[in-house]
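Undergrad: Provide a 3D model corresponding to the input given below.
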Amino acid sequence: MAPELSVVVPVYGCGPCLHELHRRTAATLDALELDYEIVLVDDCADDGAWEAMQAVAAQDPRVRGLRLSRNFGQHAAITAGLAQARGDRVVVMDCDLQDPPEEIPKLYAKALEGYDIVLGRRSESRHHRGRRLGSRLYFHVMSTFTGLPFDGSFGTFSIISRKVVDAFLQFQDQDRHYLFILNWLGFNHTAIDYDHRERPVGKSSYSVLRLLQHALDGLFFQTTVALRFIVAMGFVMAGLGALVALYLVTARATGSAAPGWTSLAVFTLTIGGFTVISTGVTGIYVGKVFDQVKGRPLFVVDQTTWASPEESAGAVRAENVADRA
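TA: Below is the predicted model:
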């Protein structure tokens, strides 16, 4: 029988607080008096997280842990957790306790009002200044280029219905972002406010540079607007070239041509720079298409807490065969 609620937690860099995460989450869910499971996904961080997961799962049969074969990234880990979640509704939350498990009842109560997606909105972010700056830049880039409203106060802390989970798992995009997919899916959604907490241990793996890279990956995943921008700039450059040509012909005909060809050299360098940039952007799109058409799995499960390594590998092979069929 499927549980009423699943909690999916991608785990990276949170090994030391995993026992506390489980204690607080289990206590909160016990108070709701419903059947639940906690799905922990080890994204292959070398911080003792897998050993902690095994220990927690041995003590609590409602905990299901799986370890990926390597670091696939947060959003691939979320996908792996959603693929294993069996609940009628699924909560997604970070492992660092900045999203307090005690807020899960508020999400669940709102979902019971009939919403398929309930997002948690941070009333005040506790990330350091560089992370907040990177996050604002990240969502500004995405909002500008996609034309969709992305709010940096939202994180992955959310609850989604079973039909949203099933729709989410149909996505095979290699470059993925949990919130972007939910935004694209639509469905009946709302948000609640909650207090973002201080991180008790460790530090975030998202630097400003990594957030910017993630934004660019999301940009190429979401839209072809960069290619359309290149086409538009091509027309602008062609128009400027026509104007410069008209000026030079007129100046030659009237005998007022200025000595030297500085303007022509500048224009040539401008055109050359634009050509190199546009070729590079086009190449990025081609690379993204190449990565996608290779058809590699989004993640590979190495071990699970409910099966031996050999049984886990067999289950993964069976799932891949079923997906291809």
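Undergrad: so who does P101 touch?
TA: Applying C-beta atoms under 8 Å, 6 or more residues apart in numbering to P101 gives the contacts V7, L21, R24, T25, T28, M93. C-beta here means a position set from N, CA and C on the backbone, and glycine is covered the same way.
Undergrad: Just want to check the distance between it and G287.
TA: Distance, P101 to G287, using C-beta to C-beta, to the nearest Å: 40 Å.
Undergrad: about what we covered before: would you format the contacts of P101 as TSV with secondary structure included?
TA: Output for those, formatted as TSV (DSSP: H, G, I helix; E, B strand; the rest coil):
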residue	secondary structure
V7	strand
L21	helix
R24	helix
T25	helix
T28	helix
M93	coil
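Undergrad: Next, give phi and psi for G48.
TA: Here is the backbone geometry of G48 (degrees, to the nearest 10): phi 80, psi 10.
Undergrad: how many neighbours does it have?
TA: By other C-beta atoms under 10 Å, the residues close to G48 number 12.
Undergrad: pLDDT at V281, what is it?
TA: The score at V281 is 72. That number is its pLDDT.
Undergrad: Just confirm it is within a helix.
TA: Yes: checked against three-state DSSP, V281 lies within a helix.
Undergrad: tell me which of the contacts of P101 is nearest to A45?
TA: Set against A45, the nearest of those by C-beta to C-beta is L21 (14.2 Å).
Undergrad: gap between the closest one and T254?
TA: For L21, the distance to T254 equals 79 Å [C-beta to C-beta].
Undergrad: Tell me which of those two has more neighbours.
TA: Counting neighbours by other C-beta under 10 Å for L21 and for T254 shows that L21 has the greater number, 24 against 8.
Undergrad: Does that one touch Q98 like I think?
TA: No: contact status for L21 versus Q98: not in contact, 11.0 Å apart, counting by C-beta atoms under 8 Å.
Undergrad: Next, I160: secondary structure please.
TA: Of the three states, I160 takes strand according to three-state DSSP.
Undergrad: contacting residues around it?
TA: Contact analysis of I160 by C-beta under 8 Å, 6+ apart lists R89, V90, V92, D116, I117, V118, F168, L182.
Undergrad: How confident is the prediction for it, by pLDDT?
TA: Note on I160: pLDDT of 93.
Undergrad: Please parse this structure into its domains.
TA: 5-223+297-324, 225-293 (automatic domain parsing).
Undergrad: any idea which of those domains scores lowest on pLDDT?
TA: Among the domains of the chain, domain 225-293 carries the lowest mean pLDDT, a mean of 69.
Undergrad: the helices in the chain, which residues?
TA: For the chain, applying DSSP state H gives helices covering 18-32, 49-59, 74-84, 104-111, 129-146, 162-168, 178-185, 208-222, 225-254, 262-293, 309-324.
Undergrad: Check what contacts the shortest one and list those residues.
TA: This means helix 162-168. By C-beta under 8 Å, 6+ apart, helix 162-168 touches 79, 82, 85, 87-90, 116-117, 160, 181-182, 185, 187.
Undergrad: Would you reformat these as TSV and include distance to K294?
TA: Output for the contacts of helix 162-168, formatted as TSV (distance: C-beta to C-beta, whole Å):
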residue	distance to K294
T79	17
L82	23
A85	27
G87	32
D88	35
R89	34
V90	29
D116	33
I117	31
I160	29
I181	21
L182	26
L185	25
F187	30
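Undergrad: most surrounded residue in those?
TA: Counting neighbours by other C-beta under 10 Å, the top entry in the contacts of helix 162-168 is I160, with 28 neighbours.
Undergrad: Tell me the spacing between it and L107.
TA: From I160 to L107 the distance is 10 Å (C-beta to C-beta).
Undergrad: can you list residues touching both of the two?
TA: Residues within reach of I160 and of L107 at once, by C-beta under 8 Å, 6+ apart, are V118.
Undergrad: coming back round to it: which pair in the contacts of helix 162-168 has the greatest spatial separation?
TA: Farthest pair in the contacts of helix 162-168 (C-beta to C-beta) is D88 and I181. Separation: 20.0 Å.
Undergrad: List the contacts of stretch 53-73.
TA: 3, 11-12, 18-19, 22, 26, 36-45, 50, 76-77, 80-81, 84, 298-306, 312.
Undergrad: about what we covered before: return the member of the contacts of helix 162-168 nearest to V236.
TA: Minimum distance to V236 across the contacts of helix 162-168 is 34.0 Å, recorded for I181 (C-beta to C-beta).
Undergrad: tell me the contacts of that closest one?
TA: Residues in contact with I181, defined by C-beta under 8 Å, 6+ apart, are F168, F171, D173.
Undergrad: Make a PyMOL selection of the buried ones in those.
TA: Of the contacts of I181, the buried ones go into a single PyMOL selection, burial set by 16 or more other C-beta atoms under 10 Å:
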select buried, resi 168+173
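Undergrad: Going by distance to F235, which of the contacts of I181 wins?
TA: Closest approach between those and F235, by C-beta to C-beta: D173, at 30.6 Å.
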